[in-house]
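Enquirer: predicted model and sequence follow; I will ask about them next.
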Amino acid sequence: MAAIRLRITDPADDGQPPRGPQRRCCPQIVSIPPVRAAGRAWLDSVIGVIGGSGGVGASTFAAVLTSVAERGVLIDLDPVGGGIDVLLGIDDLPGARWSGLRVEGGYLDPALLGEGLPRWREVAVLAADQPPNAAAVAQVVAAAAQLGTVVLDLPRSPGPLREAGLAECELCVLVASARDVRSLVAAAAVLRSLPDVPVGVVLRRGGFAVDEAVDLLGAPLLGVLPAVDRPPGRSAARVALGVVDGLAA
């Protein structure tokens with residue numbers, strides 16, 4: 001049977017306005033049967049990024065990480081993050097968000113998925129303008145991973161959505177702050193809540209020495225960021241390249 005490609009339609013066709021008041025256009029990407037079994041041999045790397053506490057710049061680092069990866073795809077799985085397209089300043093660009101995905105066990109054509117998403121730099125971005133469907137995460141990630149390295153911006157709180165994302169990850173990057181005891185205790189609690197998945201730490205400098213903070217967290221150190229890095233500079237890109245190169249080695 002010939003492959004059936006997904007359709008990209010505009011909500012205006014049925015008289016429904018785009019969801020999310022700040023998005024200029026939110027077309028729909030609809031999967032169509034038949035179901036195609038997903039193997040993993042052809043998948044590129046899938047990396048999760050999660051913040052150890054609020055305000056550490058995890059979503060920003062996820063974006064930088066995707067930008068240094070070849071043909072990267074950034075998928076927002078944080079339902080209360082405000083939308084990563086808003087963070088990146090591309091919320092006025094047309095393209096599908098999670099509200100425009102209609103995944104019901106059908107086949108997602110990777111090329112059309114990539115074409116239907118807005119871009120930040122060269123990165124295709126799937127933003128969460130509404131809570132993503134946890135049941136659809138595996139299928140969306142599988143399609144995106146045929147385009148290149150996939151980075152998932154994960155929520156800190158445990159739940160079906162975060163677990164669905166982590167189940168697809170080759171590596172989870174915890175962005176933590178060494179600012180104070182509270183920040184490190186919060187990051188350690190997030191680490192303990194993670195399932196059995198390889199985890200590494202990107203540490204933002206603070207009041208604690210790097211070695212001391214890493215010992216407290218008990219996870220491998222992937223890189224160190226300055227205490228303040230706004231906008232993200234060379235240090236974030238350098239650490240991100242190290243993460244990507246480490247997976248490719």
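Expert: Yep, that arrived. The model shown is predicted, which means the values in this text are computed figures rather than measured ones. Numbering: from 1, shown residues only.

Enquirer: which parts of stretch 125-136 are buried?
Expert: 125, 126, 127, 128, 129, 130, 132, 133, 134, 136 (16 or more other Cβ atoms under 10 Å). From N, CA and C alone the C-beta is placed, and that goes for glycine too.

Enquirer: then that stretch to CSV, C-alphas only?
Expert: Presented in CSV, the C-alpha positions along stretch 125-136 are these (Å, rounded to 0.1, in the frame of the first residue of the first chain):
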residue,chain,number,x,y,z
VAL,A,125,9.8,24.6,16.6
LEU,A,126,6.7,22.8,17.9
ALA,A,127,5.4,25.1,20.6
ALA,A,128,2.9,24.3,23.4
ASP,A,129,0.0,26.8,22.9
GLN,A,130,-2.1,24.3,24.8
PRO,A,131,-1.2,21.2,26.9
PRO,A,132,0.3,18.6,24.5
ASN,A,133,-1.3,15.2,24.2
ALA,A,134,0.9,12.7,26.1
ALA,A,135,-0.4,9.9,24.0
ALA,A,136,0.9,11.6,20.8
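
Enquirer: show residues contacting that stretch.
Expert: Stretch 125-136 is touched from outside by 19-20, 23, 26, 73-79, 81, 83-86, 88, 90-91, 95-99, 101, 103, 117-119, 140, 144, 159-161, 163-164, with contacts defined as Cβ atoms under 8 Å, 6 or more residues apart in numbering.

Enquirer: can I have the buried ones of those as a PyMOL selection?
Expert: The buried residues among the contacts of stretch 125-136 can be selected in PyMOL (16+ other Cβ under 10 Å) with this line:
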select buried, resi 20+23+26+73+74+75+76+77+78+79+81+83+84+85+86+88+90+91+95+96+97+98+99+101+103+117+118+140+144+161+164
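
Enquirer: filter the contacts of stretch 125-136 down to the ones in helices?
Expert: Under the assignment DSSP state H, the contacts of stretch 125-136 contribute 84, 85, 86, 88, 140, 144, 160, 161, 163, 164 to helices.

Enquirer: now the helices for the chain?
Expert: Applying DSSP H to the chain gives helices spanning 58-68, 84-88, 110-115, 137-144, 160-166, 181-193, 210-217, 234-248.

Enquirer: of all those, which one comes closest to residue 152?
Expert: helix 160-166 (4.6 Å; Cβ to Cβ).

Enquirer: that closest one packs against which elements?
Expert: Using 3 or more Cβ pairs under 8 Å, 6 or more residues apart in numbering; DSSP states H and E, the elements in contact with helix 160-166 are strand 46-51, helix 137-144.

Enquirer: let me know the closest of the ones in helices among the contacts of stretch 125-136 to residue 200.
Expert: Nearest to residue 200 among the ones in helices among the contacts of stretch 125-136, with distances taken as Cβ to Cβ, is residue 163, at 19.1 Å.
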